[in-house]
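> Sharing a sequence plus its predicted fold:
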Amino acid sequence: MSRLDLTSGVFAGAEAQSRKTLKDLARYFRDPAAIQNEDLLVYETFGCPGEVEGPPRLLYATTVLQPGKVGDEYFMTRGHFHLDPTRGENMLTLRGQGALILMNRLGDAWQEKMEPGSVHDIDGRYAHRVVNTGDEPLVFYVTWMSDCGHDYAQIERDGFSKKLIETPDGPALVE
């Protein structure tokens with residue numbers, strides 16, 4: 001049994017399995033030259049390992065995505081496709097405000113609002129990333145099947161077709 005602090009998004013006694021700084025994520029932003037402090041923490045992930053041996057099983061993790069921007073672009077996770085498009089993912093927002101950005105393989109992209117209590121059923125065919133549009137950490141819980149596989153390379157190479165930026169009218173998804 002694990003015990004999850006619903007405010008912090010951290011499992012009792014757990015250390016972060018993954019930590020991403022602005023240096024790690026620079027290539028994902030529209031204007032990496034706008035990065036002020038490349039050692040600044042953007043997000044941490046806590047929970048199960050991503051891939052496990054044996055029969056498929058349900059895995060879980062939390063991510064704590066810090067508030068901030070690079071230029072006018074909000075802090076975000078890297079994003080990925082699943083290698084097995086029949087294996088989706090479920091996401092529950094615990095704290096904060098943000099957006100789930102989804103993109104199909106044709107490059108069509110859209111967003112779903114994330115706020116405490118929002119539940120997102122992510123189709124395994126769509127790439128997905130999370131963006132923090134608020135002024136506090138965005139904390140969310142995800143579940144996925146251990147055999148879904150993760151393709152981060154395509155997003156690293158090709159990116160998302162749209163980015164979420166701050167505008168005078170609020171967050172906007174732009175080409």
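Yes, it's here. A quick note: this is a predicted structure, and the numbers were derived from the prediction, not measured.

> CA atoms for contacts and neighbours, from now on please.
Fine.

> Show me the shaky parts of the protein.
49-52 (pLDDT under 70).

> list the buried ones in the top helix by length along it?
With residue count as the measure and DSSP state H as the assignment, the chain has helix 153-158 as its longest helix. Buried residues in helix 153-158, counting neighbours by 16 or more other Cα atoms under 10 Å, are found at residue 155.

> do the same with stretch 41-57
Going by neighbour count (16+ other Cα under 10 Å), the buried part of stretch 41-57 is 41, 42, 43, 44, 45, 46, 47, 50.

> do the same with stretch 27-42
Buried positions in stretch 27-42, judged by neighbour count with 16+ other Cα under 10 Å: 28, 29, 32, 35, 41, 42.

> For the first one, give me phi and psi.
For residue 28, the backbone dihedrals (degrees, to the nearest 10) come out as phi -90, psi -10.

> What of the fourth one?
As for residue 35, its main-chain torsions (degrees, to the nearest 10) stand at phi -70, psi 130.

> Look up the closest residue to it, ignoring the ones flanking it.
Leaving aside its sequence neighbours, residue 35 sits nearest to residue 70 (Cα to Cα, 6 or more residues apart in numbering; 5.7 Å).

> Tell me how far that neighbour lies from residue 25.
The gap separating residue 70 from residue 25 is 11 Å, by Cα to Cα, to the nearest Å.

> With residue 97 instead?
In terms of Cα to Cα, residue 97 sits 21 Å off from residue 25.

> repeat for residue 82
Distance from residue 82 to residue 25, counting by Cα to Cα: 20 Å.

> and if you look at residue 78?
To residue 25, residue 78 is 7 Å away according to Cα to Cα.

> The two: which has the busier surroundings?
residue 78 (21 against 17; other Cα atoms under 10 Å).

> quick one: contacts for the residue lying closest to residue 140 once chain neighbours are set aside?
Excluding the flanking residues, the one nearest residue 140 by Cα to Cα, 6+ apart is residue 93, at 4.3 Å. Shown in contact with residue 93 (Cα atoms under 8 Å, 6 or more residues apart in numbering): 114, 115, 116, 117, 118, 119, 138, 139, 140, 141.

> Which residue ranges of the chain form helices?
Applying DSSP H to the chain gives helices spanning 22-25, 153-158.

> Nearest approach to residue 167 belongs to which of those?
Smallest distance to residue 167 across the helices of the chain (Cα to Cα): 21.6 Å, for helix 22-25.

> rewinding a little: list the ones among the contacts of residue 93 that fall in strands.
Here DSSP state E is the test, and those give 114, 119, 138, 139, 140, 141 as lying in strands.
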